[in-house]
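J.: Need a 3D model of the following:
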Amino acid sequence: MKNKYICSTLLFIILTAVSLPLHAQSPAQSESKSILKYFITKSGTKLMDGPDEYRFMGLAASNLHQNEDQVKQDVSNRFPDEFESRDALTTFKQMGGRATRIFSFTIRQEGTNLPYYVDSLGGYNKDAFNSLDKTIQLCNELGIRLIIPIIDSHDFYGVGGIKQFAGFRGKSAPEFWTDRQVINDFKQMITDILNHKNVYTGVAYKDEKAILAWQLGNELETFIWDYKRNPDEWFPILLTWGKEISAFLKTAAPNHLIMDGGAGRGEDVAQDPNIDIISKHYYIHWSGEKDVYKFNKADKAMTNRYNKVLIADEFGLGPTSSLIALMDEIVANGTSGGLLWGIRAHRRDGGFYDHEEGGGYRSYHWPGFPSGNFQDERNVLRLLREYAFKIRNMAPEPITAPLPPALLPIVSGRISWQGSTGASHYEIQRRLTGTSAWKSLAPRVTDDRQPPLYTDTTAVIGTSFDYRVIAKNSAGSSLPSNIITAKE
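T.: Just a heads-up that it's a prediction; the model follows:
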């Protein structure tokens, strides 16, 4: 009975939070500085940042705006806090990246108690958008651009997509593409999102330089396979829908580029005058083809014929040799960008978020750890960093020593800390409270695990100790963390 009451109360709180219109959010503006000077534009088959061509290699970050993994029972970590967002974005900077792609806006799924971005028609989660607002503020500060897909074709748990959106009107997933009322609802949701003013910067999303492109959706063509539809009948239906939505977006967000999301066959989509960027996903595991670079080569030739930009907005799940061949091809043929799937950031309560990606692969954790040796993690991330500078015709910047971590409260000898971006390991130090001499308790601890990150089994009961942590990598050591005093 007690647990049932708690769950009911929690659900009430969540539903209350998500039932607000976007314009009703309380302002909480703070001074914000941006290093971004221009909107990203298109010139022929190239992206441009003012007078300069804009190319990038880096990491896809599906949970940059929401944490779909390791969500606590009280869902208090569903949306990233500033520490988690800054950690992910700083990871991109350290790796030479300057763009990433998040996942689509989540649509409420019945039967779950998770908070979503979109709870109902016209009802939005204030906490969710505040989290994305903070991420966008940090993007401006650090110089990172976002590709934002609007809706997902799949029905992933905790995400929701076209099925749930059509369900707001009692319609089925196939009617998402054809029902006039549902299409108009979708346009209204787009309008609400574009006109939403960032509570930290005061800038509407449609005027935000940190947004590189709006993508019609994520893997929209998979609707055909997921719902076992005739592709000859349904690709034209998706194409018609895509043309209408791209034209709407081009008018509603004139500062931004429009990216397809698989709503139609490739060459048909490439002929849409309102589509600026063609997106492609290259997966070794899912395709069963190790030489995916050949697909990228053919796609680049096709997009060149139609004067479109090409971005590999997802690639991966394969041996290092195949990833190298693909990145070589992307750099050589002029593809504007490539994003390896996918990164997970540090958790606010210690360690990293983690995700099973399929095919025996898991999410990457920067700068790579022995626990990721099964997928050549450290080598793959090192190479990706090299290509991130190579695609920009730059020599790699030197690795710098990490910043101090933040030690968290210690209970019963269980020690955790908020990780320092780019740290490969940590040294835990201890001293008797009231003394000055620090001793190394554990000289080489990694945080590629769930908390607690370390347990002090040598602490004497009844004795008070001070603890601190130092982050380290190949470039050196951080200053010590804050000090936590604990008495067992």
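
J.: Just the buried residues of stretch 48-66, please?
T.: 48-49, 54-66 (16 or more other C-beta atoms under 10 Å). C-beta coordinates here come from the backbone N, C-alpha and C atoms, glycine included.

J.: and which of those is nearest to T251?
T.: Closest approach between the buried residues of stretch 48-66 and T251, by C-beta to C-beta: M48, at 21.5 Å.

J.: helix/strand/coil for the closest one?
T.: strand (DSSP: H, G, I helix; E, B strand; the rest coil).

J.: and K243, what does it touch?
T.: Residues near K243 by C-beta atoms under 8 Å, 6 or more residues apart in numbering: D272, N274.

J.: Correct me if wrong, but it is in a helix.
T.: Yes - judged by three-state DSSP, K243 forms part of a helix.

J.: Return the distance of it relative to Y227.
T.: 21 Å (C-beta to C-beta, to the nearest Å).

J.: what do you get for L64?
T.: 29 Å.

J.: Quick check: the residue nearest to P398 when sequence neighbours are not counted vs F352, distance?
T.: Nearest non-adjacent residue to P398, counting by C-beta to C-beta, 6 or more residues apart in numbering: A475, 7.1 Å away. Using C-beta to C-beta, A475 is found at 21 Å from F352.

J.: next one: E397
T.: Counting by C-beta to C-beta, the separation of E397 from F352 is 24 Å.

J.: Report the contact partners of the residue nearest to P398.
T.: Neighbours of A475 in contact, by C-beta under 8 Å, 6+ apart: P398, I399, T400, A401.

J.: make it 7 Å
T.: Going by C-beta atoms under 7 Å, 6 or more residues apart in numbering, A475 touches I399, T400, A401.

J.: okay, the residues you listed in CSV with neighbour count and secondary structure next?
T.: CSV is the format used below for those (neighbours: other C-beta atoms under 10 Å; DSSP: H, G, I helix; E, B strand; the rest coil):
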residue, neighbour count, secondary structure
I399, 15, coil
T400, 11, coil
A401, 16, coil
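
J.: Quick check: phi and psi at the residue nearest to P398.
T.: phi -90, psi -10 (degrees, to the nearest 10).

J.: Give me the pLDDT for it.
T.: Note for A475: predicted pLDDT of 98.

J.: For the protein, which segments count as helices?
T.: Assigned by DSSP state H, the chain shows helices spanning 2-18, 82-94, 126-142, 162-167, 180-195, 222-226, 231-252, 266-270, 284-287, 293-305, 320-333, 377-390.

J.: So which of those is nearest K206?
T.: Checking the helices of the chain against K206 by C-beta to C-beta gives helix 180-195 as the closest, at 4.0 Å.

J.: Can you show me the CA trace of the closest one as PDB?
T.: Only the C-alpha atoms of helix 180-195 are listed here, as PDB (Å, rounded to 0.1, in the frame of the first residue of the first chain):
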ATOM      1  CA  ARG A 180      -5.100  15.800 -41.800                       C
ATOM      2  CA  GLN A 181      -5.900  16.500 -38.100                       C
ATOM      3  CA  VAL A 182      -2.800  14.600 -37.000                       C
ATOM      4  CA  ILE A 183      -0.600  16.300 -39.500                       C
ATOM      5  CA  ASN A 184      -1.900  19.700 -38.400                       C
ATOM      6  CA  ASP A 185      -1.300  18.700 -34.800                       C
ATOM      7  CA  PHE A 186       2.300  17.800 -35.700                       C
ATOM      8  CA  LYS A 187       2.800  21.200 -37.300                       C
ATOM      9  CA  GLN A 188       1.500  22.900 -34.200                       C
ATOM     10  CA  MET A 189       3.900  20.900 -32.000                       C
ATOM     11  CA  ILE A 190       6.800  22.000 -34.300                       C
ATOM     12  CA  THR A 191       5.500  25.600 -34.100                       C
ATOM     13  CA  ASP A 192       5.500  25.400 -30.300                       C
ATOM     14  CA  ILE A 193       9.000  24.100 -30.100                       C
ATOM     15  CA  LEU A 194      10.400  26.600 -32.600                       C
ATOM     16  CA  ASN A 195       8.900  29.500 -30.700                       C
END
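
J.: List of residues touching it?
T.: 22, 118, 121, 150, 165-166, 168-169, 171, 175-176, 204-206, 244, 248-249, 252-253.

J.: Also stretch 394-409?
T.: For stretch 394-409, the surrounding residues in contact (C-beta under 7 Å, 6+ apart) are 96, 349-350, 385-386, 389, 416-423, 426, 467-469, 471, 473-482, 484.

J.: how does it look with 8 Å?
T.: For stretch 394-409, the surrounding residues in contact (C-beta under 8 Å, 6+ apart) are 83, 94, 96, 349-350, 385-386, 389, 415-423, 426, 451, 467-484, 486.

J.: PyMOL command for the buried members of those residues?
T.: In PyMOL, this line selects whichever of those come out buried by 16+ other C-beta under 10 Å:
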select buried, resi 94+96+349+350+385+386+389+415+416+417+418+419+420+421+422+423+426+467+468+469+470+471+472+473+478+480+481+484+486
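
J.: What segments of the stretch 301-450 of the chain are strands?
T.: All strands of the stretch 301-450 of the chain, identified by DSSP state E, counting those that start in this stretch, fall at 309-316, 337-340, 356-358, 361-362, 406-407, 414-415, 417-418, 425-432, 439-445.

J.: what's the span of stretch 221-232 from first residue to last?
T.: For stretch 221-232, the first-to-last residue distance is 12 Å (C-alpha to C-alpha, to the nearest Å).

J.: dump the residue contacts of P451.
T.: Applying C-beta under 8 Å, 6+ apart, the residues near P451 are R347, D349, G350, G351, L408, R414, S416.

J.: Ok, R348 next?
T.: Counting by C-beta under 8 Å, 6+ apart, R348 has contacts N77, D81, F83, E84, Q418.

J.: what about it, distance to Q164?
T.: 28 Å.

J.: spatially speaking, which residue is in the middle of this protein?
T.: The residue lying closest to the centre of the chain (C-alpha atoms, centre = their mean) is A61, at 2.4 Å.

J.: any idea how the chain splits into domains?
T.: The chain is divided into the following domains under automatic domain parsing: 2-390, 406-487.

J.: Run the chain-centre distance for the longest one.
T.: Centroid separation between domain 2-390 and its chain, computed with C-alpha atoms, centre = their mean, to the nearest Å, is 7 Å.

J.: ok, the nearest residue in space to T135 that is not next to it in sequence to A345 distance?
T.: Of all residues not flanking T135 in the chain, S85 sits nearest, at 4.5 Å (C-beta to C-beta, 6+ apart). Distance from S85 to A345, counting by C-beta to C-beta: 8 Å.

J.: quick one, which of those two is more surrounded?
T.: A345 (26 against 23; other C-beta atoms under 10 Å).

J.: For the nearest residue to that one once chain neighbours are set aside, list the residues it contacts.
T.: Excluding the flanking residues, the one nearest A345 by C-beta to C-beta, 6+ apart is A88, at 3.9 Å. Shown in contact with A88 (C-beta under 8 Å, 6+ apart): A61, L64, P80, I343, A345.
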